[in-house]
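K.L.:
okay, sequence plus prediction incoming.
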Amino acid sequence: MRLSLSVVFSSLAGYLLGVEVIDIKVLVLLALGGYFMVGASNAFNQIIERDLDALMDRTKNRPIPSGRMSVNTAFIIATIFTLSGIVILYTINKQTAMFGAISIFLYTCVYTPLKTKTPLAVFVGAIPGAIPFMLGWVAATDDFGIEPGTLFALQFFWQFPHFWAIGWFLFDDYKKGGFFMLPTGKQDKGTAVQTIMYTIWTVIVSVIPVFGFTGKLQLSIIAAIIVFCLGLGMLHYAVRLFREMTTKAARQLMLISVLYITLVQIVYVIDKFIQ
């Protein structure tokens with residue numbers, strides 16, 4: 001539920017950034033379509049990983065491994081969610097539906113199978129994870145260009161410190177299921193350094209709109225300073241992980257990363273409407 005709501009929030013933020021006149025109908029359709037889209041991805045994921053989920057503390061109580069739901073029932077739900085999500089997004093425009101379908105496909109058919117084989121799965125998973133922010137702009141404009149590309153890049157780079165932090169503090173649990181989530185496969189300095197590097201990339205991309213070459217996606221100097229300071233806050237916790245190398249530091253980084261992306265999206269939207 002939390003993941004679904006975060007996806008909907010990102011989509012709506014992207015829509016508000018791209019739209020000239022807010023259409024409540026499109027806003028509602030985007031929220032529903034985005035919710036079904038991530039619901040479908042999660043449902044298919046839980047069907048595929050049902051045996052592995054049973055091995056991990058964080059997932060053993062999910063409906064399928066706990067026995068509360070059959071695989072057939074889950075598949076029906078996943079199929080209904082997929083069709084509903086794509087059809088709803090299609091009523092907005094074709095490009096929005098296309099990106100929604102790509103997101104479900106990559107998450108289910110590429111990211112999920114790769115999780116037990118290579119840490120590169122995180123890179124693949126970052127693509128569908130970055131689509132919602134971009135999806136909102138496409139829903140508003142029926143166009144893909146530098147603006148949604150920038151929104152995509154921001155959320156794409158952000159996912160690495162976010163998910164590596166999760167992979168760090170849940171390392172032992174993930175290990176039970178045979179998942180490779182950290183870039184080096186270990187809780188080591190190499191993983192911590194890469195976490196810092198991708199946090200820096202996130203901060204850089206977040207302020208690019210202030211320089212005026214991202215089309216209609218613009219950011220005032222004051223908003224850019226606020227966004228930059230938020231980025232420095234997340235970078236501080238990424239550096240702390242490098243210094244302390246603890247589960248506590250990783251958990252703190254994860255929480256801060258969620259707060260960061262939420263506040264950045266809010267600042268972007270507010271800045272657009274007060275300029």
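P.N.:
Nice, I can see it.
K.L.:
and the next element down the chain from whatever helix or strand I104 lives in?
P.N.:
Assigned by DSSP states H and E, I104 falls within helix 94-105. Per DSSP H and E, helix 94-105 leads on to helix 112-114 as the next helix or strand towards the C-terminus.
K.L.:
how about that following helix: buried residues?
P.N.:
Buried residues in helix 112-114, defined by neighbour count with 16 or more other C-beta atoms under 10 Å: 112, 114. Backbone N, C-alpha and C define where each C-beta goes, glycine included.
K.L.:
show me what the helix or strand harbouring G233 is packed against.
P.N.:
Remark: G233 resides in helix 221-244, with elements defined by DSSP H and E. Applying 3 or more C-beta pairs under 8 Å, 6 or more residues apart in numbering; DSSP states H and E, one finds that helix 221-244 contacts helix 146-169, helix 189-207, helix 247-274.
K.L.:
what angle do the first one and helix 221-244 make?
P.N.:
Taking axes from the mean of the first three to the mean of the last three C-alpha atoms, to 10 degrees, one finds that helix 146-169 is oriented at 20 degrees with respect to helix 221-244.
K.L.:
got the CA coordinates for helix 146-169 in CSV?
P.N.:
Only the C-alpha atoms of helix 146-169 are listed here, as CSV (Å, rounded to 0.1, in the frame of the first residue of the first chain):
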residue,chain,number,x,y,z
ILE,A,146,13.6,16.8,-22.1
GLU,A,147,11.2,17.7,-19.3
PRO,A,148,9.9,14.2,-18.5
GLY,A,149,13.4,12.8,-19.3
THR,A,150,14.8,15.0,-16.5
LEU,A,151,12.1,13.9,-14.1
PHE,A,152,12.9,10.3,-15.0
ALA,A,153,16.6,10.8,-14.5
LEU,A,154,16.1,12.4,-11.0
GLN,A,155,14.0,9.5,-9.7
PHE,A,156,16.2,7.0,-11.5
PHE,A,157,19.4,8.0,-9.8
TRP,A,158,17.6,8.5,-6.5
GLN,A,159,16.6,4.8,-6.4
PHE,A,160,20.2,3.5,-6.0
PRO,A,161,20.9,5.0,-2.6
HIS,A,162,17.3,4.3,-1.5
PHE,A,163,17.4,0.6,-2.5
TRP,A,164,21.0,-0.1,-1.5
ALA,A,165,20.1,1.3,1.9
ILE,A,166,17.3,-1.2,2.1
GLY,A,167,19.5,-4.0,0.8
TRP,A,168,22.0,-3.1,3.5
PHE,A,169,19.8,-3.2,6.6
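K.L.:
that helix - contacts with which helices or strands?
P.N.:
Using 3+ C-beta pairs under 8 Å, 6+ apart: helix 146-169 touches helix 2-18, helix 121-141, helix 189-207, helix 221-244, helix 247-274.
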